[in-house]
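1. what shape does this take:
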Amino acid sequence: MSRARQPPLVTGISPNEGAPWTKVTIRGENLGTGPNDLIGLSICGHNCLLTAEWMSASKIVCRVGPAKDDKGEIIVTTKSGGLGTSTVSFKLLKPERIGILDQSAVWVDELNYYDMRTDRNKGISPLSLRPTNPLGIDFDKGKVPLKDLENMFPGMSGDFTSENFSATWYLIENHSSTGFEHLRVAVGNLKKQASKKNEGSLAYVKGGLSTFFEAQDALASIHQKLESDGTEKVEGSMTQRLEKVLNRASETADTLFQEVLGRKDKADSTRNALNVLQRFKFLFNLPFNIERNIQKGDYDVVINDYEKAKSLFGNTEVPVFKKVYSEVETRIEALRKLLMDKLLETPSTLHDQKRYIRYLSDLHAPGDPAWQCIIAQHKWILQLMQNCKEDFIKEQRVGGVGLELDRSSALNRINLSAPVKRGGSFQKPKDDSWHYKSPQQVRFVEKLSDVVISQLPNFWKLWISYVNGSLFSETGEKSGQVEKLKKNARQRQNDFKGMIEEVTRRLVQLVRGALLPSSLTEMQLRQYGGWDTKTPLSGCWLTQVIHTVRLSHEALSALEIPNDLLQVIQDLLQDLRVHCLLTTLQHTEEDVKRLAKKEDWVVDNEGITSLPAQFEQCMVQMLQSLKEPMECKPGEINILNLDVVQDKACEQCVSIMKVFIKCLEQLSIKTDGDIDTSHGSGLSKSVDLASPDLFGSIKEDFSSKPEQRLLIILSNCQYLERHTFLNLAEHLEKNGFTTAEKIIRVSIDALRQLDEYLFETYIEKKSDPIVGSLEPGIYAGYFDWKDCLLPTGVRSYLKEALVSIISVHAEVFTISKELVTRVLSKIIEAVAEEMSRLMQCVSSFSKNGALQARLEICALLDAIEPYLTSESRSSFKQALEALPQIQSGADKKLLEELLNKFKSSMKLQLNCFKPASFQPVKR
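-> Purely as a prediction, here's the structure:
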């Protein structure tokens, strides 16, 4: 608050008015550490540094120059303190022609006085500080305009007493037409003046001889005139006759006014006696009057009477007066003590504090009452804050209802008059029981902030009044007491700064003890802790705390308290915002864990349940609740720009994503008994008359089949990867999460792992029975490839396998049409691989056996053509290559007839393998 070296301050100048070149004495504070430290001195705007003589850090002597301004400040500039200020001013008087015998109230420049007799100026001393004509030759001014000279010599002056004196300017202005010989004479005159500087006091005597001679001539002339008047007439000299006339006039006046003057003397005596009696009466009655007025509270009357008595009898030597006056002093001392006690009482209004300080100042109380009041207020504010904490902790331990905040509190007034723009979704409940429902820590922070906001402004205003001296009365101004107290205030700036720091630090530590105990040391926890933190606050309550602390910071900033004193509150806000962010993410993770219980297994046209939408809604609500804590107010930083916070937030978001993926995994392994069917009719859809898939939207209750649940979760996984996670990435980026890409990338990788695992599980459950039935079906009835009849059609085992594949198709199509191709292609790959193995294991085929095998493989190929992959095609190719080639055209014709017969007989069943024209209804 205070600088190491304060700027110069001019508090007095003597005399405070005068003509140019008046010698003045400047007094003040911090006027430099030495002559070399003084680098500037201006009076009324004129630079007086050339004539300045530095005496001490509080005194400078100089002469006032010919300034343009009639009145102005005295500005001192030093190297150590810089540009100074002034509390006084100097009035420059216009020079008048004053004779040597004329009286003058100001210092007269004797270097150039005006001779009334000759009507011309005459010089006195050849060793003057400012000779009117330093060259000693006549002026011969040219016609060069002043503006041209200023342009030719910027920043210079033709005044030889100026610091920026230019000899060229002076010669052009005053001797532009002077000849060379005259200039040579001028040089000689300058040399003579220089040589006479060392002649000492004798030179002054020589220079003043003409003045002495003129005075002697004047006196001789007067004496001669008087002598001539005395010798002309017999009656005597002029002076003798004048004396007689004056004596006769005096005697006549005494005769005429003797009676009048006598009556006047008697009246004066009577009046004086009455005045003395009146003064005595005032003094004798004063102790009683003081006591009576003190009881009435008329302290102003007491002070006025005391000042009057002090001026009349303060230095009396009369014993009676001294005794009465000592009793008066005793009563006044008791009044001082009474006022001091009232001043230090708490609570007290700022108006009363100022009034008591002014009374004590008028009574010349010892010490510094204003500073004692400041100390008492500081201790009281700290005690209020500590009591607030103890009351709430006591309430928490006994399980009381709680202290409701006063609706007329300072915090509520600020909240209504200057509301903070809130971007979050948190809204304060509007019912009257809100304060009873809110947690203890939240109400404590609001009450504590209200204490600080209501008390600290008056405390700060009291200090400002103390510094600028407005606490003291005019009596203090006259006695010089105010300047002394102002000086004390400046010296105590660091002490007051420490008080403000202690209040703000106590506020921050109490809030940390309630909400951020881990940020305090063990010693600090014993003093500021003690809260029951078993149940941590939720993000919405932490948002309310941040809002409260921000209101407190805004209120204190409005008092123009320096920012460095409020930095601890900014640090607290940053830690609270980080804590709110991480706490909200942790609570969101808990909410996501509970989403598995809300799965109702009801799918829409895309095969998606409400679970992905619920997850997205949960994340969006979380981000909306973080808008206000994440918002950067003036002086705050973006906490997501901090590497540590960014890493923790990213880690927590990834954890939330993985928790949801874990929920999907847990749902996939639930048994039939674990499924909650209380949400409705399982997988059954409600009929939507507007749906293009009207009849397809009416389905059975599949809730008892684990395979359907696997399909539903697979469908949800696909939707999460293609839509939900991408939407969340956009929301995260909008809310300042710079690691959104990393969060989504890691989440998608984990989701794909789960998807792959669930898909393999489902394929294994569905393909193993189909593949396992092929070999027994082929060799049913002791069928032998070497010895078999001419084929008459496709055997039953293949039709059963196709029916099983059709059943899988129906099951998948019911859940999600987008999964049909993926699932059937994988199952058909397993079937093709098994058929290839079985064909390659046959040692030899008869003609009929080869024809039968080719018929069945071709029938299978034609039926599942839309779902063939490169792997399945390769397997079927290997199976056909293991068969003997058909040689005769009759066999080929028979094969074609049997294939057509198979397609015709299973036309209805094989229609499901054709590409569907149905398009899913988008969300």
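2. does the residue most central in space within the chain belong to a helix, a strand or coil?
-> Centroid-nearest residue in the chain, with CA atoms, centre = their mean: G635, separated by 3.6 Å. Three-state secondary structure (criterion: DSSP: H, G, I helix; E, B strand; the rest coil) places G635 in coil.
3. my read is that V620 contacts H731, right?
-> Yes: checked against CB atoms under 8 Å, the pair V620 and H731 is within contact range at 5.9 Å. C-beta: built from backbone N, CA, C; applies to glycine.
4. shared neighbours of those two, which are they?
-> Here V620 and H731 have no joint contacts, going by CB atoms under 8 Å, 6 or more residues apart in numbering.
5. how many neighbours does K461 have?
-> Around K461 there are 14 other residues, counting by other CB atoms under 10 Å.
6. residue contacts, it?
-> Counting by CB under 8 Å, 6+ apart, K461 makes contact with L350.
7. which helix or strand contains it?
-> helix 440-468 (DSSP states H and E).
8. I'd like the mean pLDDT over that helix, please.
-> Helix 440-468 shows a mean pLDDT of 84 in the predicted model.
9. swap in stretch 780-800?
-> Looking at stretch 780-800 alone, the average pLDDT works out to 86.
10. for stretch 312-322, same thing?
-> In this model, stretch 312-322 carries a mean pLDDT of 78.
11. now it, how far from the centre of its chain.
-> Using CA atoms, centre = their mean, to the nearest Å, we find the averaged C-alpha position of stretch 312-322 to lie 62 Å away from the chain's own average C-alpha position.
12. any weak-confidence spans in the stretch 601-750 of the chain?
-> The stretch 601-750 of the chain contains residues with pLDDT under 70 at 671-704.
13. ok, G777 - how many residues close by?
-> With neighbours defined by other CB under 10 Å, the count for G777 comes to 16.
14. that should have said V545, apologies.
-> Taking other CB under 10 Å as the criterion, the count of residues near V545 is 25.
15. that one: which element?
-> Under the criterion DSSP H and E, the helix or strand holding V545 is helix 539-557.
16. for the longest helix seen in the chain, packing partners?
-> In the chain, ranked by residue count with DSSP state H as the criterion, the top helix is helix 238-296. In this structure, helix 238-296 packs against helix 209-232, helix 299-313, helix 319-344, with contacts taken as 3 or more CB pairs under 8 Å, 6 or more residues apart in numbering; DSSP states H and E.
17. buried stuff in the helix holding V545?
-> Taking 16 or more other CB atoms under 10 Å as the basis for neighbour counts, the residues of helix 539-557 that come out buried are 539-553, 555-556.
18. same check, this time on stretch 723-739
-> Within stretch 723-739, the residues that qualify as buried by neighbour count (16+ other CB under 10 Å) are H723, T724, F725, L728, A729, H731, L732, N735, G736, F737, T739.
19. and the contacts of it?
-> Counting contacts by CB under 8 Å, 6+ apart, the residues outside stretch 723-739 that touch it are 612-613, 615-616, 619-620, 623, 626-627, 630, 638, 640, 646, 649-650, 653, 657, 740-741, 743-744, 747-748, 751, 923.
20. now, those residues that are in helices?
-> The members of the contacts of stretch 723-739 that map onto helices under DSSP H are 612-613, 615-616, 619-620, 623, 627, 630, 646, 649-650, 653, 657, 740-741, 743-744, 747-748, 751.
21. what count of nearby residues applies to L714?
-> Number of residues near L714 (other CB under 10 Å) recorded here: 26.
22. just R271 next, same as before
-> A total of 10 residues lie near R271 under the criterion other CB under 10 Å.
23. separation between it and K264?
-> As for R271, its distance to K264 is 10 Å (criterion: CB to CB, to the nearest Å).
24. could you verify my assumption that R550 touches P634?
-> No: in this structure, R550 sits apart from P634 without contact. The criterion is CB under 8 Å, and the distance is 10.1 Å.
25. that older thread, farthest-apart pair in the buried residues of stretch 723-739, please.
-> The distance between the two most remote of those (CB to CB) is 22.7 Å, for H723 and G736.
26. C-terminal to the helix or strand containing N900, what's the next element?
-> Using DSSP H and E, N900 maps to helix 889-905. Once the chain leaves helix 889-905, the next helix or strand it forms, by DSSP H and E, is helix 907-910.
27. which strands and helices sit next to that next one?
-> Here helix 907-910 is seen to pack against helix 796-815 when contacts are counted using 3+ CB pairs under 8 Å, 6+ apart.
28. quick one: the helix or strand just after the helix it packs on to helix 796-815, angle?
-> Next in sequence after helix 796-815, counting helices and strands by DSSP H and E, comes helix 820-841. Computed with axes from the mean of the first three to the mean of the last three CA atoms, to 10 degrees, the direction of helix 820-841 lies at 160 degrees from that of helix 796-815.
29. run the chain-centre distance for the helix or strand that helix 820-841 is followed by.
-> Sequence-wise, the next helix or strand beyond helix 820-841 is helix 847-863, with elements assigned using DSSP H and E. A distance of 84 Å separates the centroid of the chain from that of helix 847-863, by CA atoms, centre = their mean.
30. please name every helix or strand in contact with helix 847-863.
-> So helix 847-863, by 3+ CB pairs under 8 Å, 6+ apart, packs with helix 796-815, helix 820-841, helix 870-881, helix 889-905.
31. pLDDT on the shortest one, on average?
-> Averaging pLDDT along helix 870-881 yields 90.
32. same question for that helix: list its buried residues.
-> Of the residues in helix 870-881, those scored as buried under the neighbour-count criterion (16+ other CB under 10 Å) are S872, S875, F876, Q878, A879, L880.
33. and that helix, how far out from the chain middle?
-> For helix 870-881, the distance from its own C-alpha centre to the chain's C-alpha centre is 74 Å (CA atoms, centre = their mean).
34. got the CA positions of it in CSV?
-> Coordinates of each C-alpha in helix 870-881 appear next as CSV, following Å, rounded to 0.1, in the frame of the first residue of the first chain:
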residue,chain,number,x,y,z
SER,A,870,-15.1,-64.1,-49.3
GLU,A,871,-14.3,-66.6,-46.5
SER,A,872,-17.6,-68.5,-47.0
ARG,A,873,-17.2,-68.5,-50.8
SER,A,874,-13.7,-69.9,-50.4
SER,A,875,-15.0,-72.7,-48.1
PHE,A,876,-17.8,-73.6,-50.5
LYS,A,877,-15.4,-73.6,-53.4
GLN,A,878,-13.1,-76.0,-51.6
ALA,A,879,-16.1,-78.3,-50.9
LEU,A,880,-17.1,-78.4,-54.5
GLU,A,881,-13.5,-79.0,-55.6
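35. tell me which other helices or strands it touches.
-> Packed next to helix 870-881, using 3+ CB pairs under 8 Å, 6+ apart, are helix 820-841, helix 847-863.
36. what mean pLDDT does the first one get?
-> When pLDDT is averaged over helix 820-841, the result is 90.
37. same question for stretch 850-865.
-> The pLDDT scores in stretch 850-865 average 88.
38. relative to the whole chain's centre, how far out is that stretch?
-> For stretch 850-865, the distance from its own C-alpha centre to the chain's C-alpha centre is 81 Å (CA atoms, centre = their mean).
39. got the buried residues for that stretch?
-> Neighbour-count burial for stretch 850-865, counted by 16+ other CB under 10 Å, picks out 850-861, 863-864.
40. now do stretch 563-572
-> Neighbour counts using 16+ other CB under 10 Å place L565, L566, V568, I569, Q570, L572 of stretch 563-572 among the buried residues.
41. list the contacts for the last one?
-> Residues counted as contacts of L572 (CB under 8 Å, 6+ apart) are V508, V511, R512, V549.
42. just flag the most distant two among those.
-> For the contacts of L572, with distances taken as CB to CB, the pair at the greatest spread is R512 and V549 (11.0 Å).
43. of the ones in helices among the contacts of stretch 723-739, keep whichever come out buried.
-> A residue is treated as buried here by neighbour count (16+ other CB under 10 Å); on that basis the buried members of those are 612, 615-616, 619, 623, 627, 630, 646, 649-650, 653, 657, 740, 743-744, 747-748, 751.
44. picking that back up, can you say which of the helices and strands packed on helix 238-296 is nearest to H46?
-> It's helix 209-232; of these, that one is closest to H46 (CB to CB) at 30.4 Å.
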